[in-house]
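Trainee: Sequence and computational prediction follow.
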Amino acid sequence: LRYTASLTSGAAKDRAVERCKERYEEACAKAADAALPCTHPLHVGLLLNCAVFKHDVLGEHEAAIGLAEATLASVMAAPSRSFGGSYIEVAPLVSALQENIEVWRLAPGPVPPQPAAEPEP
């Protein structure tokens with residue numbers, strides 16, 4: 001849904017954005033109800049994607065940064081034993097959170113797509 005919300009316009013975009021917001025809220029509530037540890041890859045990935053949605057689709061830049069920073073802080077504060085065997089899955093998500101925070105602080109707003117590189121002659 002996040003991609004549909006990003007790529008459509010008009011009423012279709014409005015419907016997709018609303019459905020996406022509802023689904024993220026539902027998923028976050030289910031993660032909390034299931035007592036999913038803050039170091040679990042599904043939990044970290046969910047919050048990463050939610051932050052990207054807030055930033056890129058909703059334009060809630062400060063909320064996105066706040067969510068990404070809170071997620072990163074909770075993962076970093078967790079004892080290393082709480083990762084179990086999932087650290088290898090969480091590490092790229094942590095890197096993505098760090099990179100997003102850095103980029104979002106430098107250039108608030110959606111990151112425009114980069115043009116394809118010209119092939120060398």
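Mentor: That came through, no problem.

Trainee: where along this protein do the helices fall?
Mentor: For the chain, applying DSSP state H gives helices covering 2-7, 10-33, 41-53, 61-77, 87-106.

Trainee: Can you check what angle separates the second one from helix 61-77?
Mentor: Compare the direction of helix 10-33 with that of helix 61-77 by axes from the mean of the first three to the mean of the last three C-alpha atoms, to 10 degrees and you get 30 degrees.

Trainee: for helix 10-33, packing partners?
Mentor: Contacts defined by 3 or more C-beta pairs under 8 Å, 6 or more residues apart in numbering; DSSP states H and E place helix 10-33 against helix 2-7, helix 41-53. C-beta here means a position set from N, CA and C on the backbone, and glycine is covered the same way.

Trainee: mind checking how far that helix is from the chain centre?
Mentor: Taking C-alpha atoms, centre = their mean, to the nearest Å, one finds helix 10-33 lying 13 Å from the centre of the chain it belongs to.

Trainee: got a list of contacts for that helix?
Mentor: Outside helix 10-33, the residues within contact range by C-beta atoms under 8 Å, 6 or more residues apart in numbering are 1-2, 4-5, 8, 42-43, 46-47, 49-50, 53, 57-58.

Trainee: in the chain, which segments are predicted with low confidence?
Mentor: For the chain, applying pLDDT under 70 flags the ranges 83-85, 108-121.

Trainee: Single out the most deeply packed of the helices of the chain.
Mentor: helix 41-53 (a mean of 21; mean count of other C-beta atoms under 10 Å).

Trainee: Same list (the helices and strands packed on helix 10-33) but as TSV, adding distance to residue 103.
Mentor: Putting the helices and strands packed on helix 10-33 into TSV (distance: least, C-beta to C-beta, whole Å) gives the following:
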stretch	distance to residue 103
helix 2-7	17
helix 41-53	11
